[in-house]
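Trainee: structure of the sequence below:
(one chain, ligands or ions: 1)
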Amino acid sequence: MLEERHPSEPFRIKSVEPIVLLSRAQREEILHRVKYNVFKIKAEEIYIDLLTDSGTGAMSKDQWSALMQGDESYAGARSFYRFEKIVKDITGKKYILPVHQGRVAENVFFSTVVNKGDYVPNNTHFDTTGANVAHKGGFAINLPCPEAALDDEIPFKGNMDTRKLESFIEEKTPEKIPVVFMTVTNNSTGGQAVAMANIKEASEICHKHGIMFFFDCARFAENAYFIKKDEPGFENKTIKEIAQEMFSYCDGALMSAKKDGLANMGGFIAVNDEELARKMTELMIVIEGFPTYGGMSGRDIETIAAGLNEVLKEDYLAYRVGQVEYLGKILEEAGAPIIKPTGGHAIFIDAGKYLPHIPSDQFPGHTLSVELYREGGIRTSEIGSIMFGGYDPNTGENISAPKELVRLAVPRRVYTGSHLEYVARVMDRITARKDSLRGYKITRQATLLRHFTIELEEMAKEEVKVK
Ligand code: F0G
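Mentor: Below is the predicted model:
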């Protein structure tokens, strides 16, 4: 009997999208053409695309048929009320504002509540969230729990450091902190889950000081599944009950439905405060759309309503989280050091550890990401010194990120166990020759979000020897 892979896919495939593995020579030529920036590779030139789990999922037959139910009325569309009902049911919030993706929810919300010089603590901001706080003149503060930095395989490494939150509020005063955020799951620390106990504690601290407590809930269902699996007292509750309890501790939430909405586009803001909802609605009408469509078509809204029902199903989540865990296990067997425990949506390989002969200013994460494409047509993203580092404009010197990671994000319901085994085989072949891999040097870069447009060159053999 073969060893159990992971809970098998709780679906069968009704519609397929061909993917092609180009020849090694073609892939080499493509890398040269895009100046070693994988963001610039055309999707049709990729075999397995693990760049992001955002908006890349496959829809179910129910979602495809919901599409035909889309009511495209400008105001008061039937689709909106269907969507509102399920969002209200899960979040328990009174006012639901649809938006076309997560960062618009961030823009509308932070424009309304953040004043110049304010602080917004978060377990860890996702980059657009932090950027939207900064865009309104605020300071985005990350307060991950100390365990997040450890190698130990312990659950709930996505938690917030509540002791630091308490002292931060006392230091800066509650007047300078309009809101505290909890990102569930915590994408930037590896898709790690947040425990119900931590949510409750952070909520109590905020409310004691009269500060609003909000979720960035893009992956709330995956988080609820981890609570059921790993937090005592929740084993007999349904995912929906757990999600409802999570939301009961917050005053509102911002959602990118491109993740746990199981949709390709969409999002929402959910709040209880009438005055806040009114102010945000006014802004929304100016920049996003009438409040019963918020930048989405009626059919988009229908697919999210259907997706939110499906994402709460336990067999789906067991398969989803199990598949990511399985990818982590077989990558480790192929020699890749990974961040553990594995999170809900992605595996993070520690390329700094994997390629110790490549210094951070030659971007080991980038080397591995390029190599995964060169060897197997796999696209991933570097989350290291290219994305989160920078350079001193005066000296031109490189500023390193704390870790050199490569993220393999798994789109929902798209790839089978066999695709993932292919990824591990490619990794295995890279491991066999990893000591010969070389770093990169930047030939062109922008000052902001440089990873999207950066151009690089592989270090020459002679240059490596000099180092
Ligand atoms: N919050 C979190 C936790 C996210 O992961 C993302 C997007 C957003 C907000 C923004 O949502 O893309 O709909 O505007 N994360 C994607 C990723 C892009 O690849 O992790 P959006």
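Trainee: show me what contacts the spatially most central residue of the chain?
Mentor: Nearest residue to the geometric centre of the chain (CA atoms, centre = their mean): Asn187, 4.5 Å. Taking CB atoms under 8 Å, 6 or more residues apart in numbering as the criterion, Asn187 is in contact with Thr124, Phe126, Ala218, Arg219, His345. The C-beta positions use only the backbone N, C-alpha and C, and glycine is treated the same way.
Trainee: distance of it from the ligand?
Mentor: 4 Å (CB to the nearest ligand atom, to the nearest Å).
Trainee: could you tell me how many residues sit around the closest residue to the ligand within the stretch 301-450 of the chain?
Mentor: Nearest to the ligand, among the residues of the stretch 301-450 of the chain, is Ala409, at 6.0 Å (CB to the nearest ligand atom). When neighbours are counted by other CB atoms under 10 Å, Ala409 registers 23.
Trainee: before we move on, the earlier item: and the contacts of Asn187, which is closest to Thr292?
Mentor: Taking CB to CB as the measure, Ala218 is the one of the contacts of Asn187 closest to Thr292, at 22.5 Å.
Trainee: surely that closest one is within a strand?
Mentor: No: counting by DSSP: H, G, I helix; E, B strand; the rest coil, Ala218 is not part of a strand but coil.
Trainee: oh, and call the first residue 15 from now on, that's how I've got it
Mentor: OK, 15 is where the count begins now, so the last one is Ala232.
Trainee: and it, how many neighbours?
Mentor: 28.
Trainee: isn't it up against Lys273?
Mentor: Yes: using CB atoms under 8 Å, Ala232 is in contact with Lys273, at 4.3 Å.
Trainee: what does the stretch 165-314 of the chain put close to the ligand?
Mentor: Selection of the stretch 165-314 of the chain residues close to the ligand by CB under 6 Å from any ligand atom yields Thr197, Asn201, Asp230, Ala232, Ser270, Lys272, Gly281.
Trainee: can I get those residues in TSV with pLDDT and secondary structure?
Mentor: Output for these, formatted as TSV (pLDDT from 0 to 100; DSSP: H, G, I helix; E, B strand; the rest coil):
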residue	pLDDT	secondary structure
Thr197	98	strand
Asn201	92	helix
Asp230	98	strand
Ala232	98	coil
Ser270	98	strand
Lys272	98	coil
Gly281	98	strand
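Trainee: now, which of those sits nearest the ligand?
Mentor: Ser270 (3.2 Å).
Trainee: residues in contact with that closest one?
Mentor: Counting by CB under 8 Å, 6+ apart, Ser270 has contacts Ser68, Gln115, Gly116, Arg117, Ala119, Ala232, Gly280, Gly281.
Trainee: one more time with 7 Å, if that's ok
Mentor: Listed by CB atoms under 7 Å, 6 or more residues apart in numbering, the contact partners of Ser270 are Ser68, Gln115, Gly116, Ala232, Gly281.
Trainee: over to Val478?
Mentor: The neighbours of Val478, taking CB under 7 Å, 6+ apart as the test, are Arg452.
Trainee: and if we set it to 8 Å?
Mentor: With CB under 8 Å, 6+ apart, Val478 has these contacts: Arg452, Gly453.
Trainee: that one is in what secondary structure piece?
Mentor: Element membership for Val478 (DSSP states H and E) is helix 475-480.
Trainee: quick revisit: partner residues bridging the residue of the stretch 315-464 of the chain closest to the ligand?
Mentor: Ala360 (DSSP bridges).
Trainee: so what pLDDT did it get?
Mentor: Note on Ala423: pLDDT of 98.
Trainee: surely it is in contact with Leu64?
Mentor: Yes: under the criterion of CB under 8 Å, Ala423 makes contact with Leu64 at 5.5 Å.
Trainee: overlap in contacts of the two?
Mentor: Ala360, Thr394.
Trainee: in the protein, where is pLDDT below threshold?
Mentor: 15-18, 479-481 (pLDDT under 70).
Trainee: going by proximity to the ligand, name the top residue of it.
Mentor: Gly116 (2.5 Å).
Trainee: my understanding was that Phe227 contacts Cys264; is that so?
Mentor: Yes: using CB under 8 Å, Phe227 is in contact with Cys264, at 5.1 Å.
Trainee: quickly list what's touching both of those two.
Mentor: What both Phe227 and Cys264 touch, as defined by CB under 8 Å, 6+ apart, is the set Met196, Ser217.
Trainee: and the contacts of stretch 454-465?
Mentor: 49-51, 53, 376-377, 380-381, 384, 395-396, 400-401, 404-405, 407, 466-473, 477.
Trainee: quick one: which of these sit in strands?
Mentor: Counting by DSSP state E, these place Ser395, Glu396, Gly404, Tyr405, Glu469, Leu470, Glu471, Glu472 in strands.
Trainee: quick one: residues contacting the last one.
Mentor: Yep, that's Glu472 we're talking about. Contact analysis of Glu472 by CB under 8 Å, 6+ apart lists Tyr50, Val384, Arg452, Gly453, Tyr454.
Trainee: and what of the fifth one?
Mentor: For Glu469, the contacting residues are Lys49, Tyr50, Asn51, Ile456, Thr457, Arg458, Gln459, by CB under 8 Å, 6+ apart.
Trainee: am I right that Thr70 sits in a strand?
Mentor: No: going by three-state DSSP, the assignment for Thr70 is coil, not a strand.
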